[in-house]
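# Prediction below, plus the sequence it came from.
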Amino acid sequence: MIVLGIDPGTAITGFAVLSCRASEPALIDCGVIRTEKSESSERRLLTLHGCLSDLISRHTPSDVAVEQLFFNTNVSTAIKVGQARGVVLLVAAAAGTRVGEYTPLQVKQAVVGYGRATKHQVQQMVKSILGLSEVPHPDDAADAVAVALCHAYSAKFKQKLSAARASGKSS
């Protein structure tokens, strides 16, 4: 399974591509998609669409994992992040990938084992789990790696659960 993890945003969208074919996940690619502040909202979303489409074409993920919108007191920011999430979901659907959506709490729980972990703790666990020499930069890329890891762990758990149910039914 190849997972494309996304930390959505209009100005900066973090992305990470993980290979989960072996026993341990491996980081294939990560980074950020930046849009120009001077551009209109629709042009920024179009840029995001194009870049995400290119990532999916290049890496052919089977799954896309995206962080759910965390309600922010700044409604304007929340709306913009929601629009970016919509583009992510659209591109994933158009590519025929499975989509997993995770709250920040779920991501922290999956990666650190504690839902109230700090950003630093999550980053250090990402580095440790993947055997990286340093934390992915910028923070948006590290966050996308954490989202992808959350999805990989969730998919692995669901697979084991299905297998256990299937073996229980055949007994």
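All right, it came through fine. Quick caveat, the model's predicted, so the values are computed rather than measured.
# Going by C-alpha atoms from here, please, whenever you check contacts or count neighbours.
Will do.
# Can you give me the end-to-end span of stretch 24-40?
Distance across stretch 24-40, first residue to last, is 42 Å (C-alpha to C-alpha, to the nearest Å).
# In terms of secondary structure, what does the longest helix seen in the chain contact?
Looking only at the chain and at elements set by DSSP state H, the helix with the highest residue count is helix 139-170. Where contact means 3 or more C-alpha pairs under 8 Å, 6 or more residues apart in numbering; DSSP states H and E, helix 139-170 is packed against strand 2-7, strand 12-19, strand 26-34, strand 63-67, strand 98-102, helix 104-112, helix 119-130.
# rerun at 6 Å
Counting contacts by 3 or more C-alpha pairs under 6 Å, 6 or more residues apart in numbering; DSSP states H and E, helix 139-170 packs against strand 2-7, strand 12-19, strand 26-34, helix 104-112.
# bridging residues for the closest residue to V32 other than its chain neighbours?
Among residues not flanking V32 along the chain, G14 sits closest, at 4.4 Å (C-alpha to C-alpha, 6 or more residues apart in numbering). Beta-bridge pairing for G14 (DSSP bridges): D7, V32.
# got it, and the one 4 residues further on?
For L18, the beta-bridge assignment (DSSP bridges) gives partners V3, L27.
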